[in-house]
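[1] using only what follows, build the 3D model:
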Amino acid sequence: MSIATPPHVVITAEARQIIITAEDQRRLLQLLNREFKETAGCRKHLEDLLQEVHRACVVDAAKVPGDVVTMDSVVELVNLDTDEREIFTLVYPESENVRENMLSILAPIGTAILGCRVDDTVSWPVPVGMCRMKIVSIVYQPEHYER
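    Predicted coordinates for the structure are as follows:
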């Protein structure tokens, strides 16, 4: 199991090794199964997330390092192009609430940060090019607080 990623490296969806819990994997696969059945039109975002879930290193919740973004984690990010800092909670779609910074796993940024670690830089395409953000800190990770 290779989960170490050098800090300050831009991680692309094709190259990164992410870590997710067995419970998150189970719930994400259920979500994706439902979304594939209900979504018409472009489903690339679903395919990207499915690829990430299948490629992930799956661990027991008690063994998730404290610097990994898991579902329901509160994460501080910095935009590398603007230096703007934002704090988001990574949630399942039914809990999404933009006004409260509750970010869906189905959003490109949600898929990008899942399973990444503090100091990782992630990027994803946006209409005007690429968005690049660095994971500055994990403010709250449920697995860490449930130990």
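
[2] looking only at residue counts, what's the top strand in the chain?
    As assigned by DSSP state E, the longest strand anywhere in the chain is strand 129-140.

[3] which helix in the chain has the most residues?
    helix 22-38 (DSSP state H).

[4] other SSEs contacting it?
    Applying 3 or more C-beta pairs under 8 Å, 6 or more residues apart in numbering; DSSP states H and E, we find helix 22-38 packed against helix 44-55, strand 57-59. C-beta here means a position set from N, CA and C on the backbone, and glycine is covered the same way.

[5] how about the contacts made by the residue nearest the centre of the chain?
    What sits nearest the mean C-alpha location of the chain, by C-alpha atoms, centre = their mean, is residue 114, with 1.8 Å. Residue 114 is in contact with 18, 20, 49, 52, 69-71, 90, 105, counting by C-beta atoms under 8 Å, 6 or more residues apart in numbering.

[6] in helices, which of those fall?
    49, 52.

[7] and which of the contacts of residue 114 is nearest residue 77?
    Nearest to residue 77 among those is residue 69, at 9.7 Å by C-beta to C-beta.

[8] ok, now which ones touch residue 85?
    Neighbours of residue 85 in contact, by C-beta under 8 Å, 6+ apart: 76-79, 136.

[9] which of those residues count as buried?
    77-78 (16 or more other C-beta atoms under 10 Å).

[10] where's residue 39 relative to residue 31, distance?
    Using C-beta to C-beta, to the nearest Å, residue 39 is found at 11 Å from residue 31.

[11] neighbour-wise, which of those two wins?
    The neighbour comparison of residue 39 against residue 31 (other C-beta atoms under 10 Å) goes to residue 31, with 18 against 13.
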